[in-house]
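**Q** with the sequence up front, the predicted model follows.
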Amino acid sequence: MQLGAVVVVPSDAGLTQNFVPSSLAVTATRSKPRPAICSPRASILGNDALSFWADRVRTLGIKDFWLARTSQDSQALHARFLELTKQGVEKLLLIKLQSYAEMDLMDLLRFHCANRSPLTDAKDKRGSLGVSLLDRSAVSDCIESDASDKPCAAQYHFDGYTKRFLLSQERQDLIRDGLAGICAIKPRGKLIRDGVWIADDAKVDESVRIVGPAFIGPRSVIRSGATIGPFTSVEPDCVIDGGTTITKSSVLPGTYLAPGILVEESVVSGKYLEDLRWGVHVDLAPARLARRISARSRWAHKLRSTPSEVSQDYVPSHSTSGGAPSWVRVNL
Amino acid sequence: MNAEAVQVLKVPAKRTLLQRRTLRRKLLQSLQSSHRQLFIDFSDRESLDADDLELVLECAEAAAGHDIEFTIISGSAPNRVVLEVARIASVVPVFQSFEEASLRFRPSKTTQALQAESRRGTQ
């Protein structure tokens, strides 16, 4: 039996609309459209969600998978999927990069084969996890709509650990659980003392107070007098200026936080902050409290540092479109 | 507390450099006057900028030297979050609305005084 795998990364524009179940999407219920705070590829305790799923796909004996973006129109995706079936793929594992689930994909495959349904959708008690298995015959049907909407889809109920990391609150819960050792995701850094992980190439001033559990990612800079933690993650390429305090929060990659500010129970990405207590989304740029670090300065910094991001391990071996790749083959 | 003891200064939604200077002067004058309670009302401001924060900090510093209770009406949850992130909420009381503020102070009289002053501020 030839098994293929496709991981679909939601585009920023379609994040809340297409990938988060409406019952869970706090952000989707607001009248004003807002930029998504949590990107599917933003690192979680220094880990890449894609690499997490890649590790799981590897357990099925699959040598490579296809990576697609939802910015592609559905017809193009459809054509690609049909192409895969023409190449001999009999069953297709479709993973929408929206959730973290400590799922045994082999068990899902066994369930799918035993059930003889052309389509199986993995769910937890709150709905679809974005992981589906399709037979060749179901491929064309599934492209046009969400697999979980199909009445003929068999339901694989997963009751293990899951989090929808596109939702800020769940992302923060995942980070809290990762730091506390409750889930399998582990901070990618050096354990310098109980509950404190710091990446080798992070720069942390001696005067910085770190209250564990906390994580400071690669190439991040923490300036004098800052306080980090507890239950805080500063992801790669961030700059936390002097005297700033961050507790029970996540600072997503490439964020600069101004001196002396206080971030509590929030997720910050570039200039945007989502306060998890109030459920409020704020642009901090007009008040000059935060901003996105430009790609140029990050690139300059990267040249001086050793690259260590997991995503860089997955170098696309083949791209079928010009410009920004939206359909690439990834070797495992 | 009577209406004379309370003053409300409403920050306009948009303002020119001149208006900004006038507002600042007015605020600092209020802090010198006999008012016991000064409210800065950001209800019309969609988002707070660095000038707003600077103004609030200047007022807080001036109020500290006088016997004046200085309070901020953020007007919205995002404005309140900005004030919390900037740590202003830890030195100056911040309320989302006059109703919320009136619960904190002596209810009946202050509410009336605030409502009267708020109406006067908008005129």
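**A** Happy to help now that I have it.
**Q** quick check: residue A:179 touching residue A:233?
**A** Yes. The pair residue A:179 / residue A:233 is scored as a contact, 7.3 Å apart, by CB atoms under 8 Å. Just so you know, the C-beta spots here come from the backbone N, C-alpha and C atoms, and that holds for glycine as well.
**Q** more neighbours: which of those two?
**A** residue A:233 (31 against 25; other CB atoms under 10 Å in any protein chain shown).
**Q** can you check the pLDDT for the more buried one?
**A** Here, the pLDDT recorded for residue A:233 equals 97.
**Q** quick one: contacts for it?
**A** For residue A:233, the contact set (CB atoms under 8 Å, 6 or more residues apart in numbering or on different chains) comprises A:44, A:45, A:175, A:179, A:187, A:214, A:215, A:217, A:249, A:250, A:251.
**Q** okay, and which of these map to strands?
**A** A:214, A:215, A:250, A:251 (DSSP state E).
**Q** for the closest residue to chain A within chain B, give me its contacts.
**A** Closest to chain A within chain B is residue B:49: 4.0 Å, counting by CB to the nearest CB. Residue B:49 makes contact with A:286, A:287, A:288, according to CB under 8 Å, 6+ apart.
**Q** between the residues you listed, which has the most around it?
**A** Counting by other CB under 10 Å, top hit in these: residue A:287 with 24 neighbours.
**Q** which one is residue A:187 nearest to, not counting chain neighbours?
**A** residue A:197 (3.8 Å; CB to CB, 6 or more residues apart in numbering or on different chains).
**Q** how many residues are close by the one you found?
**A** 25.
**Q** does it sit in a helix, a strand or a coil?
**A** Taken by DSSP: H, G, I helix; E, B strand; the rest coil, the conformation at residue A:197 corresponds to strand.
**Q** surely it is in contact with residue A:189?
**A** Yes. In this structure, residue A:197 is within contact of residue A:189 by CB under 8 Å, at 3.7 Å.
**Q** touching both of those two, which residues are there?
**A** A:215, A:216.
**Q** up against chain A, what does chain B have?
**A** Chain B comes close to chain A at residues B:47-50, B:52-53, B:77-78, B:80-82, B:84-87, B:90, as judged by CB under 8 Å from any CB of the partner chain.
**Q** write a ChimeraX command that selects only the buried members of those.
**A** Of the residues of chain B next to chain A, the buried ones go into a single ChimeraX selection, burial set by 16 or more other CB atoms under 10 Å in any protein chain shown:
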select /B:47,48,52,53,77,78,80,81,82,84,85,86,87
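**Q** among the residues of chain B next to chain A, name the ones in helices.
**A** Mapping the residues of chain B next to chain A onto helices (DSSP state H) picks out B:50, B:52, B:53, B:77, B:78, B:80, B:81, B:82, B:84, B:85.
**Q** and the nearest residue in space to the first one that is not next to it in sequence, what helix or strand is that in?
**A** Counting by CB to CB, 6+ apart, the nearest residue to residue B:50 once its immediate chain neighbours are dropped is residue A:288, at 4.5 Å. For residue A:288, there is no helix or strand it lies in under DSSP states H and E.
**Q** same deal with residue A:329?
**A** Residue A:329 belongs to strand A:327-331, assigned by DSSP H and E.
**Q** how about residue A:123?
**A** Going by DSSP H and E, residue A:123 is part of strand A:119-124.
**Q** which neighbours does that strand have in its sheet, and in what orientation?
**A** Counting by DSSP bridges, the strands paired with strand A:119-124 are strand A:127-135 (antiparallel), strand A:154-157 (parallel).
**Q** buried stuff in the shortest one?
**A** Going by neighbour count (16+ other CB under 10 Å), the buried part of strand A:154-157 is A:154, A:156.
**Q** with that, I have no additional questions.
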